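1. Coordinates only, no sequence provided:
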């Protein structure tokens, strides 16, 4: 049995933009990934609403991905693949980060995993970094002030994520080429987008990991 950990935020947790509740286990993208890969693969969902890459959030404590990643990996070891998809919450106005720094935060997480012994036989797990897709327009949504300036920054993330992935030799998937954030809400994904990403990642894993 091969093990995959999906480490992310509310879009990994499965937040529905229509209802503000959680999609069921077969609708959110890690569940689609699990169903698509079938027997022989175990997919662990580690999504947390509001999670950042490496930043403490004074308004939402406990959301720093850097603090939790290594304990998470140790909890689930040995694992074959770690999938990291974080960066959307780093776009919040209160962090005031340039896109390049958000990508560096994602790089720091990948490096923590790759320096660990939480993979098979004490090796590090394989790491797939997923760049979050751009936000949809936020005007008139409840996220407009929280993510002020984030819409424009979100379109610059992919280039920076690609640069850090190349620098450290990490696999990269650009989710912006696969899914779109929900129009009218701006941040989260409709069920159809979860299915697209889950099936894409499943095909990617079959292609690169057998």
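-> On my side now, so go ahead. Keep in mind that what you see is a predicted model, and the values were worked out from it rather than measured.

2. Could I get the phi/psi values of residue 47?
-> Per-residue torsions, residue 47: phi -100, psi 140 (degrees, to the nearest 10).

3. So the residue positioned nearest the centre of the chain versus residue 117, what's the distance?
-> Against the mean C-alpha coordinate of the chain, by C-alpha atoms, centre = their mean, the closest residue is residue 85 at 1.5 Å. Going from residue 85 to residue 117 by C-beta to C-beta, to the nearest Å gives 23 Å. Placement of C-beta: from N, CA and C, glycine included.

4. Same question for residue 178.
-> According to C-beta to C-beta, residue 178 and residue 117 sit 32 Å apart.

5. Between the two, which has more neighbouring residues?
-> Each of residue 178 and residue 117 has its neighbours counted (other C-beta atoms under 10 Å); residue 178 has more, 17 against 13.

6. quick one: contacts for that one?
-> Counting by C-beta atoms under 8 Å, 6 or more residues apart in numbering, residue 178 touches 133, 196, 197, 200.

7. now residue 130
-> Counting by C-beta under 8 Å, 6+ apart, the residues that residue 130 touches are 8, 83, 84, 85, 172, 173, 174, 175, 201.

8. Those in strands, which ones?
-> 8, 83, 84, 85, 172, 173, 174 (DSSP state E).

9. Using CSV, lay out those residues together with distance to residue 104 and pLDDT.
-> Putting these into CSV (distance: C-beta to C-beta, whole Å; pLDDT from 0 to 100) gives the following:
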residue, distance to residue 104, pLDDT
8, 18, 98
83, 19, 98
84, 13, 98
85, 16, 99
172, 14, 98
173, 18, 98
174, 17, 98
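
10. between those residues, which is closest to residue 15?
-> When those are compared for distance to residue 15 (C-beta to C-beta), residue 8 wins out at 10.8 Å.
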